[in-house]
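> Okay, structure incoming, though there's no sequence with it:
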């Protein structure tokens, strides 16, 4: 069993739930009250939940491959998941830096866990 994949997968599922519930509590309330068009509000909800779904599916895949012997296919899948997560992470950092820097400071705990998850997956690929 690859403990790094397992812990990274559990962390990814945790982040999926945290992302969903944090958004509902702190973000969606403001979005609902805003003067944004309904289409924009829906688009926001869609993209928000797409991120949660990517985290959930990635976490489940990591947990699944944690129980297989380390073969090339598993390492490629883990690398794909890592690239997907890094891409989402970079989009968040770039857009937040350009449009709302305070969001970066507010998201330091989340960024820590994303960085930890990426690190664990890389360890799983190496070992």
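Received, thanks. The shown structure was predicted, so the numbers you read here are calculated from the model rather than taken from an experiment. Residues are numbered from 1 along each chain as shown.

> who touches the helix or strand residue 15 falls within?
Secondary structure assigned from DSSP states H and E places residue 15 in helix 3-22. Helix 3-22 is contacted from outside by 48-49, 51-53, 55-56, 58-67, 78, 85, 110, 113-114, 116-117, 120-121, 123-124, 127, using Cβ atoms under 8 Å, 6 or more residues apart in numbering. In this view, the C-beta of every residue, glycine as well, is placed from N, C-alpha and C.

> Just the ones in helices from those, please.
48-49, 51-53, 55-56, 58-66, 78, 85, 110, 113-114, 116-117, 120-121, 123-124 (DSSP state H).

> Kindly give a single PyMOL line that selects the buried subset of these.
Applying 16 or more other Cβ atoms under 10 Å to the ones in helices among the contacts of helix 3-22, the buried members can be selected in PyMOL as follows:
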select buried, resi 48+51+52+55+56+58+59+61+62+63+65+66+78+85+114+117+120+121+124
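
> Flag every buried residue along the helix holding residue 15.
4-13, 15-16, 19-20.

> can you redo the residues you listed as CSV with distance to residue 44 and pLDDT?
Shown next, in CSV, are the buried residues of helix 3-22 (distance: Cβ to Cβ, whole Å; pLDDT from 0 to 100):
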residue, distance to residue 44, pLDDT
4, 34, 93
5, 32, 91
6, 33, 95
7, 31, 96
8, 28, 95
9, 27, 95
10, 28, 97
11, 25, 97
12, 22, 96
13, 23, 97
15, 19, 95
16, 18, 94
19, 14, 92
20, 14, 90
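
> Between those, which sits nearest residue 29?
Looking at the buried residues of helix 3-22 and their distance to residue 29, the nearest is residue 20, at 14.0 Å (Cβ to Cβ).

> how far away is the closest one from residue 41?
17 Å (Cβ to Cβ, to the nearest Å).

> likewise residue 85?
For residue 85 relative to residue 41 (Cβ to Cβ), the value is 26 Å.
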